[in-house]
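J.: with the input below, show me the fold.
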Amino acid sequence: MIMKQFVLDHRLEADSFPLTRLGLCELRLLNDKRWPWLILVPQRPDLVELTDMTPLDQTLLTFEAGLVTTALKNHTGCLKINTGALGNVVRQLHFHVVARNEGDAGWPGPVWGHGTREPYEPQEAQDLIEKLLKAL
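T.: Sure thing, here's the model as predicted:
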């Protein structure tokens with residue numbers, strides 16, 4: 001029996017930077033400096049919905065999302081964390097964790113589809129990644 005391998009969707013790979021691998025998920029930073037925006041991608045093939053996961057993997061995702069949320073909130077001091085697993089554009093299951101503050105680029109509305117992305121300079125992204133890894 002041949003096991004299917006996990007492959008990261010090319011759009012997620014192109015639009016984000018890798019931070020680290022957690023127990024279940026790869027953690028990535030979205031390349032948009034308007035918001036500190038992290039993405040958890042469960043490393044399992046063919047996942048589209050949370051219900052495609054085993055109960056244990058659902059629990060692990062919840063646990064890892066909690067770790068990431070706490071680290072992001074502690075690092076940024078943000079007012080609110082937005083989370084979601086939309087998947088309307090990229091079907092591969094991935095979970096967003098976004099730091100929000102009053103007066104940010106889209107406040108109080110959603111970040112999805114708002115305005116034009118502002119990419120990080122390479123060193124700027126690397127500096128943030130290092131800080132976030134320390135916060136984890």
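J.: okay, now the unreliable bits of this protein?
T.: Applying pLDDT under 70 to the chain picks out residues 1-2.
J.: helix, strand or coil for the residue most central in space within the chain?
T.: Computing the C-alpha centroid of the chain and ranking residues by Cα atoms, centre = their mean puts residue 39 first, at 0.9 Å. Assigned by DSSP: H, G, I helix; E, B strand; the rest coil, the conformation of residue 39 is strand.
J.: just list the residues touching the nearest residue to residue 5 once chain neighbours are set aside, thanks.
T.: Closest residue to residue 5 apart from its sequence neighbours, by Cβ to Cβ, 6 or more residues apart in numbering: residue 45 at 6.4 Å. All C-beta spots, glycine's among them, are computed from the backbone N, C-alpha and C. Residue 45 sits next to 4-7 when contact means Cβ atoms under 8 Å, 6 or more residues apart in numbering.
J.: on the three-state scheme, the closest residue in space to the residue nearest to the centre of the chain that isn't next to it in sequence is what?
T.: Nearest residue to residue 39 in three dimensions, chain neighbours excluded: residue 28, at 4.6 Å (Cβ to Cβ, 6+ apart). In three-state terms, and counting by three-state DSSP, residue 28 is strand.
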